[in-house]
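Enquirer: Predicted structure and sequence below. I'll ask about it afterward.
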Amino acid sequence: MATTATGLTFRDAADADVDELVALIESAYRGESSRAGWTTEADLLQGQRTDPEGVREVIASPDSRLLTVERDGRIVACCQLEHRGQYAYFGMFAVSPALQGAGLGKTVIAEAERQARETWGATEMHMTVISVREELIAWYERRGYRRTGRMTPFPYGDERFGIPQRADLRFELLVKPLV
């Protein structure tokens, strides 16, 4: 556990955090509460973004961490880091909608990159983003990520990932060198 000068505490998630983490992730991406921030997917997908089982799987996986960010004892952000050989995968990124736009996301992603590099020796960070999320992709590009043009299909019909509201959803791989 590390506390920064900004008053943020970074730590690995524990089973006791699952309900709070699910609520945070859902609030950042789904439903009316997500509209308070700019990362909402409410117009693209309905239904859930994640569930307690999915969060528990990340916490329990030996090659994965769910980096949890607290301020004043409250979870305000999180992200998944998964060790995949020479690179790390970045996912399940959520920042409380009320705190979006104030630089917290930049701080979290920078810390995630630092930890992937220092803990695992990762030389690249990979992530997938829904390809129609142009504003979000542009945000990642400003952080040094590049679009690869490599697409994977959206899991239509699997409601664990949400209920699509349009037929053109797919994921694009974004990559950033960490050296």
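Expert: Sure, I can see it. Because the structure is predicted, anything quoted here is derived from the model rather than measured. Residues are numbered from 1 along each chain as shown.

Enquirer: check contacts around the residue most central in space within the chain.
Expert: Centroid-nearest residue in the chain, with C-alpha atoms, centre = their mean: residue 93, separated by 1.5 Å. By C-beta atoms under 8 Å, 6 or more residues apart in numbering, the contact set of residue 93 is 77, 78, 79, 80, 105, 108, 109, 127. Every residue, glycine included, has its C-beta placed from N, CA and C.

Enquirer: So which of the residues you listed belong to helices?
Expert: 105, 108, 109 (DSSP state H).

Enquirer: Dump those residues into JSON lines; add distance to residue 64, neighbour count and pLDDT as well.
Expert: Shown next, in JSON lines, are the ones in helices among the contacts of residue 93 (distance: C-beta to C-beta, whole Å; neighbours: other C-beta atoms under 10 Å; pLDDT from 0 to 100):
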{"residue": "105", "distance to residue 64": "20", "neighbour count": "23", "pLDDT": "95"}
{"residue": "108", "distance to residue 64": "16", "neighbour count": "21", "pLDDT": "96"}
{"residue": "109", "distance to residue 64": "17", "neighbour count": "23", "pLDDT": "97"}
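
Enquirer: still on that earlier bit, so which two of the contacts of residue 93 are the farthest from each other?
Expert: Greatest spatial distance among the contacts of residue 93 (C-beta to C-beta): 77 and 127, at 15.4 Å.

Enquirer: Which one's more surrounded, these two?
Expert: The neighbour count for residue 77 versus residue 127, taken as other C-beta atoms under 10 Å, is higher for residue 77 (25 against 20).

Enquirer: The residue lying closest to that one once chain neighbours are set aside is in what secondary structure piece?
Expert: Distance criterion C-beta to C-beta, 6 or more residues apart in numbering; nearest residue to residue 77, sequence neighbours excluded, is residue 69 at 4.0 Å. Assigned by DSSP states H and E, residue 69 belongs to strand 64-71.
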